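**Q** Okay, predicted coordinates and the sequence, questions at the end:
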Amino acid sequence: MRPIITASLILAFTPALAGDYMADLDQAPVINGCKLERETRCPGADLKGVDLSNMDLRSANFRGANLSGANLSHTSLRGANLDGANLDNVTGYRLQVYRASMRGASLRNARLQGMQGEYLFAQGADFSGADLTGANFDFSRFSGATLVNATMPFSSFEISWMPKANLEGANLRGANLQEAKLGLANLADADLTGSRIHYATFEGTYMEGCTACPFDW
């Protein structure tokens, strides 16, 4: 009977041991008072340089937060509020910001290759010097945004609103600008070589020194 008793004891304790082992994995990390989980409320939080990669932070409130230098690679910020946040120098390969809001946010020199930002609200945001290679911003709003010297080859801005956006010196080679609204925008010294501009509008757009801009629009 002893082998049977031993086996029974092992079976009885195994779930408890497994529960103890997994307990910490269910706890969301807390950094500077901000609990890093879905729908968290951390306006103004200090998350400078924090590794937030691969996290699910959907619908989080980081309004006015300092995320400069943070790692956001493969992180989901779908529907998040990042209005006025500092995202300078962040790394966010394939960052998910579908239907998120970045109004007035600063993303200067950010590395955001492959960023997924359909329906993004980025009015007045500053992407100066950012690398947005292959990013998807279809149906997004960039009214009055600054994208000076931004690197955006093969990105997509289809049916995006970009009036008065400053794209001076931007690299838009091979980009999809179909039906984008670029009225009164600044494309001085930008490069649109190989870009798709079918049905895009350029009323009053400044194009001095632009490569492959539709000067006869």
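**A** In hand now; what should we look at?

**Q** Count residues in the vicinity of Glu208, would you?
**A** Using other Cβ atoms under 10 Å, Glu208 has 12 neighbouring residues. All C-beta spots, glycine's among them, are computed from the backbone N, C-alpha and C.

**Q** remind me which residues of this structure are low pLDDT?
**A** Residue ranges of the chain with pLDDT under 70: 1-26.

**Q** quick one: the strands in it?
**A** Ranges of strands within the chain are 30-31, 34-35, based on DSSP state E.

**Q** Go through those and pick out the most buried.
**A** strand 34-35 (a mean of 18; mean count of other Cβ atoms under 10 Å).

**Q** strand partners of that strand, parallel vs antiparallel please.
**A** Partners of strand 34-35 in the sheet, by DSSP bridges, are strand 30-31 (antiparallel).

**Q** what's the spacing between the strand it pairs with and its chain's center?
**A** On the basis of Cα atoms, centre = their mean, to the nearest Å, strand 30-31 sits 21 Å off its chain's mean C-alpha point.

**Q** Equivalent analysis for stretch 183-192, please.
**A** 23 Å.

**Q** what does stretch 193-204 give?
**A** On Cα atoms, centre = their mean, the centre of stretch 193-204 falls 24 Å from that of its chain.

**Q** CA atoms only: put that stretch into PDB for me.
**A** Extracted in PDB, the C-alpha atoms of stretch 193-204 (Å, rounded to 0.1, in the frame of the first residue of the first chain):
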ATOM      1  CA  THR A 193      10.300  58.600 -55.200                       C
ATOM      2  CA  GLY A 194       8.200  55.600 -56.100                       C
ATOM      3  CA  SER A 195       5.400  56.600 -53.700                       C
ATOM      4  CA  ARG A 196       1.700  56.000 -54.500                       C
ATOM      5  CA  ILE A 197      -0.200  59.300 -54.600                       C
ATOM      6  CA  HIS A 198      -3.400  58.300 -56.500                       C
ATOM      7  CA  TYR A 199      -6.200  60.600 -55.500                       C
ATOM      8  CA  ALA A 200      -4.100  62.400 -52.800                       C
ATOM      9  CA  THR A 201      -4.700  66.100 -52.400                       C
ATOM     10  CA  PHE A 202      -2.000  68.700 -52.400                       C
ATOM     11  CA  GLU A 203      -3.800  72.000 -52.400                       C
ATOM     12  CA  GLY A 204      -1.500  74.800 -51.300                       C
END
